[in-house]
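K.L.:
generate a structure from the sequence data that follows.
(one chain, ligands or ions: 1)
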Amino acid sequence: MAQKRKMTKSSGSKSSPPAREAKKSKAMDLHQPHPKAKETEEFGIVQREFYPPEMSNERCMAYNDGTLERPIDLLQRTCKETAETRQAVKPGNAVVHWFKTDLRMQDNRALHAAAEIAKQHQIPLLGVYIISPEDWAAHVTSPARVDFTLRSLRQLQGDLAQLDIPLYVETQERRKNIPNRILELCQQWGANHLRANIEYEVDELRREAKVVRLCAKNNIDFTPLHDTCVVTPGVLWTGSGKQYAVFTPWFKGWLAYLKENPDLLELSENPQPNPTRARKEFGKLFDCEIPAAPKNKTVTEEEAKRFSKLFPAGEHEGRKRLEKFLADKCPDYARDRSMLTGEPTSVLSPYFASGVLSARTAVAMAKKDNKNQLDRNSQGHMHWISEVAWRDFYRHVLVHWPFIGMNKCFKVEATNIEWEYDKEQFQTWCDGRTGYPIVDAAMRQLKHSAWLSNRARMIVASFLSKDMLIDWRRGERHFMEYLVDGDFSSNHGGWGFGASTGVDPQPYFRIFNPLLQSEKFDPEGEYIREWVPELRDVQGKAIHDPYHRGAGPTAQKNGYPKQIVDHSASRSRALARYKEALQK
Ligand SMILES: Cc1cc2nc3c(=O)[nH]c(=O)nc-3n(C[C@H](O)[C@H](O)[C@H](O)COP(=O)(O)OP(=O)(O)OC[C@H]3O[C@@H](n4cnc5c(N)ncnc54)[C@H](O)[C@@H]3O)c2cc1C
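P.N.:
Prediction:
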């Protein structure tokens, strides 16, 4: 599973991670109830959810000091322990690729690996996808993202069928049954080889390890492969052998690593057509229909139309968008990327999040357009590559600090911050009625489009967690409930790593001034006018702050609310709370 790569000192990274031998785990509490959670028990489950359960600090530290085995290490160890058995497996009647968040044929490492085995032994390649409502519930996957996934599956099924490769899709209500069901399907189809790309979330890594062992016991070779990151998590280390906690030096290491290992940007070929007997032998699988979304994840008819228009599904669309973006907008990306109108960014995040487009393809194509260099030839292309790299960075963070999946910031000390839990205030933020037009515009766009630009995400995240001082995890969850590109590591990165908690490794707390952000990134107020109809008649700079700039009567007449908090007082409160927490 691990890839051997070149690594020189110039990259500032070490090639081998420090020894992380798992010791016997101490018995510890998994969850630490939030101190305020008890007070609201009378309101029942919905209210309790407002206080997210946390993994205890002790348990977090146990990952850091090696007392607890990281899920990636468990998977690696399992692969190592089963290697001999897996390698001895003889080909069966078919090879299976298990699709997960890699809904594409192009440049798909595990699909390619499965296709190669199938080609070598002249046996059919089969695809399987398991819909898991419990996984969607656990990850708070939004209906918009579920809709995008199902539409992409339909496209993928059609594309694969043209190569006589079936894609079998079924729903498994209980996620704990998935490992056995995968085994059962392989056995039913006579497949002795199974391939899948690794998903780095904690439960998924543990499940993969379980499937590797279960399959090996039953004489089936399941080998999970690294695919979703351009550079595999766990290969970049600081000079002192630690995981990078800061993006800029990590990105330097990432670029150097890519230059030293150019094959990382070689794209995998699409699978070849299946032998024609595949239709005879596996005919029934070709008739399989894509199931409907679970009830709690269903979009309305109107939303379905809207989302299909905003985000047409499938890898062909992803590729088309990428090419168009690189040609038209990428050259000016460094200058324009934060502007809130004119769509200066690629809007490819839904395609990356569902694996409809590979990040490797995106970086390889941007590099090609950048005179085949990974240097500052064109500001735009390199800047864009660095943004795609953020996606890798947050996955590396998740793999190394798996406890962030349990409602923690990666800096455990930040747990001490005392947050506010005012439900009414939180709701005004959700509804886009805070009285800060830029914040409200963004929150309304989120509800309507299931997507926001990075700048808009940062503005609303800062507002919730700094100006309102509401627990960032409420915002993190709300984003997942709505975003079509909701992705645990990137979302947590945006909320829990830096921008919103202010506990990033830089020695300052980033507290955005919403008014300045508004004037800088929406100077004419076009974005606000698009999303906040109550302010459409407000002229000039008053749009940014109608009640303090002479447009109060218009705003009031149209029902636009007054500011819910005063920014400068909130700023002082936030700074005091952070200071207090970090001194504890
Ligand atoms: C609070 C907050 C929450 C976020 N939640 C998510 C999320 O759930 N899913 C998600 O994909 N992104 C998330 N992001 C990152 C970023 O905002 C989006 O990826 C980006 O806005 C998508 O627009 P785009 O495709 O036009 O990006 P572009 O600017 O064109 O960038 C290209 C790609 O690079 C990646 N990327 C860019 N910026 C970031 C970043 N800061 N962090 C990680 N990856 C990045 C994305 O995959 C993006 O599609 C979040 C950011 C913040 C501040």
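K.L.:
show residues contacting the helix or strand containing residue 214.
P.N.:
Using DSSP states H and E, residue 214 sits within helix 202-217. By C-beta atoms under 8 Å, 6 or more residues apart in numbering, the residues outside helix 202-217 that reach it are 71-72, 74-75, 77-79, 82, 85-86, 100, 135, 138, 175, 178-180, 182-183, 186, 194, 196, 198-199, 221-224, 402, 405-406. The C-beta positions use only the backbone N, C-alpha and C, and glycine is treated the same way.
K.L.:
make a PyMOL selection of the buried ones in those residues.
P.N.:
Selection of buried members from the contacts of helix 202-217 for PyMOL, criterion 16 or more other C-beta atoms under 10 Å:
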select buried, resi 71+72+74+75+78+79+82+86+100+135+175+178+179+182+183+186+194+196+198+199+221+222+223+224+402+405+406
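K.L.:
select from the contacts of helix 202-217 every entry located in helices.
P.N.:
Of the contacts of helix 202-217, the ones assigned to helices by DSSP state H are 71-72, 74-75, 77-79, 85-86, 135, 138, 178-180, 182-183, 186.
K.L.:
ok, the residue of the chain at minimum distance from the ligand - contacts?
P.N.:
Among all residues of the chain, residue 494 sits closest to the ligand, at 2.2 Å; criterion: C-beta to the nearest ligand atom. With contact set as C-beta under 8 Å, 6+ apart, residue 494 has these partners: 454, 457-458, 461, 479, 500.
K.L.:
can you tell me which of the residues you listed are in helices?
P.N.:
Using DSSP H, the contacts of residue 494 in helices are 454, 457-458, 461, 479.
K.L.:
look up the closest residue to residue 552, ignoring the ones flanking it.
P.N.:
residue 546 (6.1 Å; C-beta to C-beta, 6 or more residues apart in numbering).
K.L.:
residue 157 too?
P.N.:
Leaving aside its chain neighbours, residue 157 sits nearest to residue 167 (4.3 Å; criterion: C-beta to C-beta, 6+ apart).
K.L.:
how about the strand or helix carrying residue 581: buried residues?
P.N.:
Secondary structure assigned from DSSP H and E places residue 581 in helix 567-583. By neighbour count on 16+ other C-beta under 10 Å, the buried set for helix 567-583 is 567, 570-571, 573-574, 577-578, 581.
K.L.:
quick check: angle from it to helix 454-462?
P.N.:
70 degrees (axes from the mean of the first three to the mean of the last three C-alpha atoms, to 10 degrees).
K.L.:
okay, helix 567-583 in CSV with CA atoms only?
P.N.:
In CSV, the C-alpha atoms belonging to helix 567-583 read as follows (Å, rounded to 0.1, in the frame of the first residue of the first chain):
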residue,chain,number,x,y,z
HIS,A,567,-18.3,44.1,15.7
SER,A,568,-15.7,46.0,17.8
ALA,A,569,-17.2,44.9,21.1
SER,A,570,-17.5,41.3,19.8
ARG,A,571,-13.9,41.4,18.7
SER,A,572,-12.7,42.4,22.2
ARG,A,573,-14.8,39.6,23.7
ALA,A,574,-13.4,37.0,21.4
LEU,A,575,-9.8,38.0,22.0
ALA,A,576,-10.4,37.9,25.7
ARG,A,577,-11.9,34.4,25.6
TYR,A,578,-9.1,33.1,23.4
LYS,A,579,-6.5,34.6,25.7
GLU,A,580,-8.1,33.1,28.7
ALA,A,581,-8.4,29.7,27.1
LEU,A,582,-4.8,29.5,26.0
GLN,A,583,-3.6,30.5,29.4
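K.L.:
which secondary structure elements does that helix contact?
P.N.:
The criterion is 3 or more C-beta pairs under 8 Å, 6 or more residues apart in numbering; DSSP states H and E, and there are no helices or strands that helix 567-583 contacts.
K.L.:
near the ligand at all, stretch 244-258?
P.N.:
No. Applying C-beta under 6 Å from any ligand atom, one finds stretch 244-258 separated from the ligand by no less than 9.1 Å.
K.L.:
quick one, what contacts residue 399?
P.N.:
70, 72, 200, 233-234.
K.L.:
tell me what residue 170 is bridged to.
P.N.:
residue 130 (DSSP bridges).
K.L.:
most neighbours out of the ones in helices among the contacts of residue 494, which is it?
P.N.:
residue 461 (25 neighbours; other C-beta atoms under 10 Å).
K.L.:
my read: that one touches residue 496, true?
P.N.:
No. Look at residue 461 against residue 496 with C-beta atoms under 8 Å: they stay out of range, at 9.9 Å.
K.L.:
who touches both of these two?
P.N.:
residue 472.
K.L.:
and the residue lying closest to residue 124 once chain neighbours are set aside, what does it touch?
P.N.:
For residue 124, ignoring the flanking residues on the chain, the nearest one in space by C-beta to C-beta, 6+ apart is residue 278 at 3.7 Å. Contacts for residue 278 (C-beta under 8 Å, 6+ apart) come out as 124-126, 164-166.
K.L.:
show me the two of those residues that sit farthest apart.
P.N.:
Within the contacts of residue 278, 126 and 164 form the most distant pair, 10.6 Å apart (C-beta to C-beta).
K.L.:
which is the succeeding secondary structure element to the longest helix anywhere in the chain?
P.N.:
Ordering each helix of the chain by length in residues (DSSP H) puts helix 379-400 first. The first helix or strand that comes after helix 379-400 along the chain, using DSSP H and E, is helix 423-431.
K.L.:
got a list of contacts for that following helix?
P.N.:
Counting by C-beta under 8 Å, 6+ apart, 47, 50, 434, 439, 443, 460, 463-464, 468, 470, 474-475, 478, 561, 564 sit against helix 423-431.
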